[in-house]
Structure formats: C-alpha cells, structure tokens
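Novice: need coordinates for the following:
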Amino acid sequence: MTVPAQQRWLDGIAAARHELDRSSTAARVADLLRDEITTGRLCPGDRLPEEDLCRAIKVSRNTMREAFRLLVQERLLVHEFNRGVFVRRLTGDDLADLYRVRRILECEGVRGAREATPEALARVEAAVADGERAAERESWPDVGTADIRFHQALSALCGSPRIDEMTRHILAELRLVFHEMGSPREFHEPYLARNRRMADLLRAGETEAAERELRSYLDDAEAQLTRAYRDAE
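Specialist: Down below sits the predicted model:
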C-alpha cells in the first residue's frame with residue numbers, strides 16, 4: 001500500500017524527535033520543519049496538521065505554535081484564519097528578491113574562496129558529487145537537494161556563521177520556488193555540469209572565472225523560473 005505523502009514526512013519528523021532534549025525548543029522544532037521544506041518533502045500549499053505534529057515530535061501545542069510563528073516570520077509558512085497553517089507559495093516578487101540576495105551572498109563566498117579552509121572547499125565538491133550520484137540513480141528530487149547544499153557551500157566559503165544562517169533560510173525559500181517547475185529533471189539536469197565546472201574552477205584557484213560562471217548561472221536560473229511563474233499565472 002502506498003504511504004500518503006503527509007504520512008511520509010510526518011514519519012521523518014517523528015524519527016528525528018530523539019534529537020530534541022528535555023528543553024526542546026520551538027527553534028529546534030522549526031529546524032526540523034525547515035529541513036522538510038529544504039529537502040522538498042513539504043511542498044507549497046501543504047497543510048501542517050498541528051495535532052499530528054505534536055504527537056509525532058512529542059511537544060506541546062504551545063511549542064508547536066511558536067515553531068510555526070518562527071517559520072511564518074521566515075516566510076516559509078502562512079497562517080490562514082479558520083483553516084490552519086500551510087507551506088507558503090512564493091510570488092514572482094519573492095523570486096526576484098531571493099536572487100538579489102543570492103548574488104550578494106554566494107558571489108561573496110566565491111570571491112573569498114582563496115582564503116577558505118580546505119574543509120569548506122571539500123563541502124563544495126561533496127555537494128557536486130552528491131548531485132551527480134543522484135542523477136545516476138535518476139533521483140531528481142535528490143538532485144535538487146544536492147543543488148541546495150552546493151549553493152549553501154558556496155556562501156559558506158565566506159566563513160561567517162551569520163551568512164550561513166541567512167543562506168539556510170534563503171535556500172529553504174528557494175526550494176519552494178523549485179516546485180513551480182513542472183519537471184525536476186528538465187530543470188536540474190542542465191545545472192549539474194555547471195556546478196561541476198564551478199567546483200573545478202574553485203579547486204584550481206580561478207575565483208574570478210568561478211564568479212563569472214556563477215553570475216551567468218544565477219541569471220539563467222532566475223530567467224527560467226520567472227518564465228515558469230508567468231506561464232502559471
């Protein structure tokens with residue numbers, strides 16, 4: 001019997017509850033839900049059943065509502081009066097602003113790559129390799145997740161915990177945008193080679209060429225997503 005999509009992500013949340021200590025905070029619950037969005041298991045328009053979530057994670061309704069409030073502030077969820085809490089659908093204006101911020105954060109990371117730690121550069125390579133392996137399995141949602149990790153790794157080259165936190169939130173929103181594309185394969189497959197090229201340029205220390213490639217990449221992706229939004233409208 002096929003497991004309903006809602007039950008799959010609820011099971012994933014329940015499996016992660018052991019990570020919550022006795023002082024389990026709303027922030028940690030919000031982290032769990034944000035991860036479900038970032039990995040694509042929670043989609044725009046999905047309703048978050050409060051009682052089911054409280055049972056799955058074993059937290060109080062007050063804690064869950066505070067977690068919801070945090071994610072509403074991050075523009076990932078929306079509360080609809082008398083209907084409940086839903087994963088947000090982003091607008092075309094949201095999309096444009098996301099790419100504006102991404103250019104600032106990711107390009108700054110690439111510019112500083114020469115001063116980045118070997119571990120930070122290794123995370124870039126690992127994300128590219130994860131995407132390539134997922135493509136070999138034809139697991140295109142996993143390719144999308146690896147792409148998110150790749151761009152997180154680019155901004156992490158800045159070596160700033162504050163930028164890392166900002167990027168986590170921005171790329172969770174971006175994953176919601178990805179759902180607007182009809183075919184994950186058609187959207188993600190062309191960018192695998194471009195991710196590999198950027199990783200190779202960074203490994204070779206060619207940061208100026210890597211930044212040019214990244215700016216072109218972001219321009220193309222934004223244009224493609226904008227067309228999808230316009231077609232949907």
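Novice: quick one: low-confidence residue ranges for the chain.
Specialist: Residue ranges of the chain with pLDDT under 70: 1-4, 16-24, 233.
Novice: and with 80 instead?
Specialist: 1-25, 181-182, 232-233 (pLDDT under 80).
Novice: quickly list the domain ranges of it.
Specialist: Domain ranges of the chain: 5-87, 92-232, per automatic domain parsing.
Novice: so can I have JSON lines of these showing mean neighbour count?
Specialist: The way it works is simple: take the backbone N, C-alpha and C, and place the C-beta from them, glycine included. Formatted as JSON lines, the domains of the chain follow (neighbours: other C-beta atoms under 10 Å):
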{"stretch": "domain 5-87", "mean neighbour count": "16"}
{"stretch": "domain 92-232", "mean neighbour count": "17"}
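Novice: what helices and strands are in contact with the lengthiest helix in the chain?
Specialist: Across the chain, the longest stretch assigned as helix under DSSP state H is helix 207-232. In terms of contacts (3 or more C-beta pairs under 8 Å, 6 or more residues apart in numbering; DSSP states H and E), helix 207-232 is packed against helix 92-111, helix 184-203.
Novice: so what does the first one touch, helix or strand wise?
Specialist: In this case it means helix 92-111. Using 3+ C-beta pairs under 8 Å, 6+ apart: helix 92-111 touches helix 140-156, helix 161-178, helix 207-232.
Novice: now do the longest one and helix 184-203, the angle between them.
Specialist: Right, helix 207-232. Per axes from the mean of the first three to the mean of the last three C-alpha atoms, to 10 degrees, the angle that helix 207-232 makes with helix 184-203 is 170 degrees.
Novice: picking that back up, out of the helices and strands packed on helix 92-111, which gets nearest to I57?
Specialist: Nearest to I57, of all these, is helix 161-178, at 18.5 Å by C-beta to C-beta.
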